[in-house]
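Asks: Need the 3D shape of this:
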Amino acid sequence: FIVFNFLILFFISSIVTNEYKETIVSVVEYFPIQQQFLIIPPTIQQAQQIITQNIDSLEKFANEASQIHKAKVFVFPEYGLFGSQFYSRDSILPFLVQVPKLGSNPCLDSNSDSNPNPNPNANANANYNYNDDILRRLSCIASNTQMLIAVDLGEVLYCNDSNSNSNSNSDNCPSDGRWQFNVQLAFDIDGTLIGHYRKNHLYQEAFYDTPQSTDISYFNSKLGFSFAQLICFDLVFATPSQQYKLASIRNVLYSTEWVNFLPIATGPQMQQSWSRIYSATLIAAGFGQNFQSSGSGIYFNGTAYNYYYNPTLNNSSKLLISYVPLFLNNQQSQLNNHKLQLNNHKSQLKSIQRSSIPNFNFIQYLIDNNLPFTFQKFNATPSFQSTIHLIAQHNSKQINCSIDFKVTSEIDSIQQYAAIAFMVDSIPMIIPAPLTYCGLFVCYNNASLCSFNTQYSLLSKNTPFEKLVITSNFDSNFEVFPIALTDFGSLLIENSQINFSYDKQLSLAKLQNTNTFSLLNFGIAQVPQI
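Replies: Below is the predicted model:
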């Protein structure tokens, strides 16, 4: 299936400036063929069969993107080749690959160094037997379609492997003698491996390791553009996004299996917001499970050129195509095959069990988990206007949240909203990281604590706001994310629909609407952690 945003694609001729060039790109929202191995780890043959079937699907999407739509960039989601249903390091091992050196071409070098020398002491389940086949197929798909292809894989790195890409792989070696990383690989239009990025901020992934120091990867493609790489939860943290910003890298390839945290942080919300605050082009491919885990999109400077969110209980796979401005190469950065390690960084996020909360009372959830917050409900009656002031405190820190609004005079029904502010170290089972928030969201019913139904298909009654201004102070050491949802969980497509400013000297962020529209959620969020 193809999803087009015709509001954006009405201009289809290529536009070139000194800064960027309009280019056709593609992403796949994809739910993979997968199998859960609860007791006995899978065999190499079982793993190979699953990966092969998913690469078959990837290849069909890639052929369609390149041959029919003339796309030049193609991104596949996190866990798109084998799913994420693993319970231990051993259970995922047969799916992992040993990654060759940057600059190798597995499609051409099948008999050379595309497969690093296997470790003689490796576990019998180690997958170097079919390492070549996986990398060769991906490399050849890139070459055959003449597209830059980014795909998420699992990497195994044996601690005493002298052929490793890591310069410190034996330091603090895990007890099983190997590192296991969630990685995004990028293959250039001729099949050359030009990008190798290890996920820095794991989310409920006890079977993977965090890099010993922050992994940063960006490169020049033969397409004439520079690209950086991110995976899922990395999006909300300061590193490596700040390093990409300092290096003037503004095209980002992003693979994700985002767990939607409604109403505050869905995948498309955060993707659009990241693109806005970093003034970047984000090409994001999401895991198409259902409304709990989904969301893909193509964004430029906060404008959604095309995006998709699955609001149902069913799995979904879709190809998204769009013209989007790609920033031209920064010739002064000398970016070719660049990998950088920032020392002394190691994620402290706790591994927690995956969970799902399909319909829940968010405020009651905060209460049940003893999380500090403050909120105030109001009925959005015709022409009602007010200013709500909220104070949230935690660990000697405080935010002063102000919400100034006016409801339009013409509404179909009276809807209840909740203004809320909180500062927490984490939200158990949902967000294993600090989170600060100031904003409002619609109440699904008239319950005393304002419940929110997480299925967008049920959210059709909304209240148009003529005026809405949110102001709050935040930690000036970190970026903040302006987020908004309108009818049925849709994004505000264009960046111009809101005004957002963040004065770090004053530590003050301000978000306001520029025209009248209905809202499910409108607020500012921050994850104050590197």
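Asks: Tell me how many other residues crowd the residue lying closest to Ile430 once chain neighbours are set aside.
Replies: Distances taken as CB to CB, 6 or more residues apart in numbering place Phe261 nearest to Ile430, at 5.4 Å, with adjacent residues excluded. For glycine as for every other residue, the C-beta is placed from the backbone atoms N, C-alpha and C. Phe261 has 20 neighbours, counted by other CB atoms under 10 Å.
Asks: what's the answer for the one 3 residues further on, then?
Replies: Using other CB under 10 Å, Ile264 has 24 neighbouring residues.
Asks: do the same with Thr486
Replies: Neighbours of Thr486 (other CB under 10 Å): 19.
Asks: Also Asp109?
Replies: 19.
Asks: That one - that's part of a strand, no?
Replies: No. Asp109: not assigned to a strand; according to DSSP: H, G, I helix; E, B strand; the rest coil it is coil.
Asks: measure it to Val156 for me?
Replies: Distance, Asp109 to Val156, using CB to CB, to the nearest Å: 20 Å.
Asks: Next: Ser66.
Replies: 31 Å.
Asks: And these two? Which one has more around it.
Replies: For the pair Ser66 and Val156, the greater number of neighbours falls to Val156 (25 against 22), based on other CB under 10 Å.
Asks: and the more buried one, what are its bridge partners?
Replies: Taking DSSP bridges as the rule, Val156 bridges to Gln180.
Asks: That one touches Pro94, doesn't it?
Replies: No. Using CB atoms under 8 Å, Val156 is not in contact with Pro94, being 9.7 Å away.
Asks: and Cys443, how far is that from Cys450?
Replies: Where Cys450 is concerned, Cys443 sits at a distance of 4 Å (CB to CB).
Asks: what touches both of the two?
Replies: Each of 377, 416-418 lies in contact with both Cys443 and Cys450 under the rule CB atoms under 8 Å, 6 or more residues apart in numbering.
Asks: quick check, nearest of the residues you listed to Phe86?
Replies: Relative to Phe86, the closest of those is Ala418; by CB to CB it sits at 37.5 Å.
Asks: Report the secondary structure element holding that closest one.
Replies: Applying DSSP states H and E as the criterion places Ala418 in strand 415-424.
Asks: what does Phe441 give?
Replies: strand 435-442.
Asks: Give me the distance between that strand and the centre of its chain.
Replies: Its chain's C-alpha centre and that of strand 435-442 lie 20 Å apart, by CA atoms, centre = their mean, to the nearest Å.
Asks: Just the angle for that strand relative to strand 415-424, thanks.
Replies: Here strand 435-442 runs at an angle of 170 degrees relative to strand 415-424 (axes from the mean of the first three to the mean of the last three CA atoms, to 10 degrees).
Asks: Run through who's touching strand 435-442.
Replies: With CB under 8 Å, 6+ apart, strand 435-442 has contacts from 263-264, 362, 390, 392, 399, 401, 403, 405, 415-424, 426-427, 452, 459, 462-463, 470, 472, 474-475, 483, 519-528.
Asks: does Ser139 count as helix, strand or coil?
Replies: helix.
Asks: Quick check, it in contact with Val99.
Replies: No. With contact defined as CB under 8 Å, Ser139 does not count as touching Val99 (12.0 Å).
Asks: So for these two, which residue has more residues nearby?
Replies: Taking other CB under 10 Å, Ser139 and Val99 do not tie; Ser139 has more neighbours (27 against 24).
Asks: low-scoring stretches of this structure, by residue?
Replies: When residues are selected by pLDDT under 70, those of the chain lie in 1-18, 38, 110-130, 161-170, 330-361, 444-449, 451-462, 488-489.
Asks: all helices of it, in order?
Replies: Remark: helices assigned in the chain by DSSP state H are 44-63, 89-92, 128-145, 241-246, 267-277, 362-368.
Asks: among those helices, which is nearest Tyr20?
Replies: That would be helix 267-277 among these, by CB to CB, at 13.5 Å.
Asks: okay, and the common contacts of Ser139 and Val99?
Replies: In contact with both Ser139 and Val99: Leu193, using CB under 8 Å, 6+ apart.
Asks: From Lys199, how far out is the spatially most central residue of the chain?
Replies: Nearest to the mean C-alpha position of the chain, by CA atoms, centre = their mean, lies Cys232 at 3.6 Å. Between Cys232 and Lys199 the computed distance is 7 Å (CB to CB).
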